[in-house]
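Peer 1: just a sequence and a predicted model for now, questions to come.
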Amino acid sequence: MAHRRGRGRVGVGRLSTGLKFEAKAEEIQTETLASATETVKKLEEKLSTFAIKHKKAIQNDPAFRKKFLDMCAPLGVDPLSSKKGFWDGVLGIGEFYYELAVKVAEVCLASRSRNGGIMSVAEVQSILKKRGTRFRFSQESSQGNKKQKNSEGIKYSREDIITSIGKLSKLKSGFKTVKVGKAIMVVSVPTELDEDHKEVMTIAQDIGRGISVDMVHKKTKWNEDRAKRALELLLSEGMAWLDEYKGEEYYWFPSVWKDGLSPDDDPDL
């Protein structure tokens, strides 16, 4: 009489092998995570040393400051996350961006009735410059933990303004930046601009004056309804003004007029 092989033993053997593989995989994963954590920790230490060594350059040179923030991003280090953390104690940039964000918000809100809540970063910078707005980094004094302001104003760039708006957007404030043609625009209202709206504003930016439905049609090859719909939404949101000349309607966009986007504007204040 033939004997049948014991399936139970084979099943137990396979289960045991599977558990060994699973345990080994978990061990490798734990080792990999520990190694990655240690690597990141060392990089953060080097970043801290770099920040202390190049403190003045980070504070006084907008381009250098931008590169430093770009270095921090891949490591998940955010020197702007707290006004009271280690990074602000070392560099003072958290408070700087907070104060800059407040001033940017003031400019945007004050001009909302004119432009419907959208204006170029270049125009924001120009208004801050005309107002004589200046910022100073807080420095740790040699006596205790008291902070004192440095005597010279900080140079800040359009990139700094964009960064400060990024901090505002994380607070769900309704502020954000969008690219329209060649310009970066600050939006301070909850309106969602789709690609049609951006295209219309780009046309207005390139032409530098009021545009009509027919002009949009010729530039984009859209039908009249599509062109009219895009223009009318921007008009209803206050982002465009309507004018009539010789029986034809023209839509003007104060936020993208050429004088607000002059290439002669100094990117640093």
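Peer 2: Good, I have the coordinates. Residues are numbered from 1 along each chain as shown.
Peer 1: just the strands in the stretch 151-269 of the chain please.
Peer 2: Here the stretch 151-269 of the chain has its strands, by DSSP state E, counting those that start in this stretch, at 176-180, 183-187, 241-245, 248-252.
Peer 1: now do the last one against strand 241-245, angle only.
Peer 2: With axes from the mean of the first three to the mean of the last three Cα atoms, to 10 degrees as the basis, strand 248-252 and strand 241-245 are set at 150 degrees to each other.
Peer 1: right, and residue 157 touches residue 64 too?
Peer 2: No. With contact defined as Cβ atoms under 8 Å, residue 157 does not count as touching residue 64 (10.6 Å). (Glycine included, C-beta is placed from N, CA and C.)
Peer 1: how about residue 173: what's its closest non-neighbour residue?
Peer 2: Spatial nearest neighbour of residue 173, chain neighbours left out: residue 105 (7.5 Å); criterion: Cβ to Cβ, 6 or more residues apart in numbering.
Peer 1: which parts of the host helix or strand of the one you found are buried?
Peer 2: Assessed by DSSP states H and E, residue 105 sits inside helix 93-110. Residues of helix 93-110 classed as buried: 93-101, 103-105, 107-108 (neighbour count, 16 or more other Cβ atoms under 10 Å).
Peer 1: circling back: more neighbours: which of residue 157 and residue 64?
Peer 2: Per other Cβ atoms under 10 Å, whichever of residue 157 and residue 64 has more neighbours is residue 157, with 19 against 14.
Peer 1: who is the more buried one paired with across the strands?
Peer 2: Note on residue 157: beta-bridge partners residue 268, judged by DSSP bridges.
Peer 1: any idea how far residue 200 is from it?
Peer 2: 29 Å (Cβ to Cβ, to the nearest Å).
Peer 1: need the nearest residue in space to the residue nearest the centre of the chain, chain neighbours excluded.
Peer 2: Residue closest to the average C-alpha location in the chain (Cα atoms, centre = their mean): residue 166, at 3.8 Å. Distance criterion Cβ to Cβ, 6+ apart; nearest residue to residue 166, sequence neighbours excluded, is residue 177 at 7.6 Å.
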